[in-house]
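K.L.:
have a look at this fold, sequence not included:
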């Protein structure tokens, strides 16, 4: 009789262990299914967050380490006359190699977040404007004509959009005059001016009248 009771007790214990194992397995399976459903539901939100984060990282300016050879970027934003970019004309008119400041002149709008100055020519249209503006950037108001002959292409910008001026006026931040004759005082290169002999040789060969073209001088 005692042996029978012992066997029954052992059977109950073993049977109880099997029941607990079944419950634990069901719980594990339930949690696994719940985990998979959570992943499926949360995955679209993760993708959106990852894309937004990568976009914000791309839109942040590159960290440029201190370098004495660092060249500030001067970026031209729109066209001017027959030139595709205002900076292309300005750098073509002046000998930038003689400038005491070494800068990088660019027409690549993808560099706008790293540009120290962005030049906007006021008499040309603009199809877009920078989406992000950094507080240390110069937005240059570039104009070489009086207001009467200036088209209203930048009426959509705020009054504080530009923070530096570059015009023909003497009171501009950057004086941008028309072409003029100035004495070289021995500082010009030989290929930058004509000697008196060269001038006389060309004048003597002239047989017609000289013509001067001006723009609204009156």
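P.N.:
Happy to help now that I have it. For clarity, every value in this text was computed on a predicted model and none was experimentally measured.
K.L.:
gap between residue 109 and residue 200?
P.N.:
49 Å (Cβ to Cβ, to the nearest Å). Every C-beta, even on glycine, is put in place using the N, C-alpha and C of the backbone.
K.L.:
neighbour count for the two, which is higher?
P.N.:
Ranked by neighbour count (other Cβ atoms under 10 Å), residue 109 and residue 200 place residue 109 first, with 15 against 11.
K.L.:
who are the contact partners of the more buried one?
P.N.:
Residues near residue 109 by Cβ atoms under 8 Å, 6 or more residues apart in numbering: 75, 77.
K.L.:
just use 38 as the starting number from now, easier for me
P.N.:
Renumbered: residue one is now 38, and that last one reads residue 146.
K.L.:
so how far is residue 112 from it?
P.N.:
Distance from residue 146 to residue 112, by Cβ to Cβ: 7 Å.
K.L.:
residue 160 contacts residue 182, doesn't it?
P.N.:
Yes. At 6.1 Å, residue 160 counts as touching residue 182 under the criterion of Cβ atoms under 8 Å.
K.L.:
the more surrounded of these two?
P.N.:
Using other Cβ under 10 Å as the criterion, residue 160 and residue 182 rank with residue 160 on top: 18 against 14.
K.L.:
give the contact list for the more buried one.
P.N.:
Under the criterion of Cβ under 8 Å, 6+ apart, the contact list for residue 160 reads 117, 180-182, 187-188, 190.
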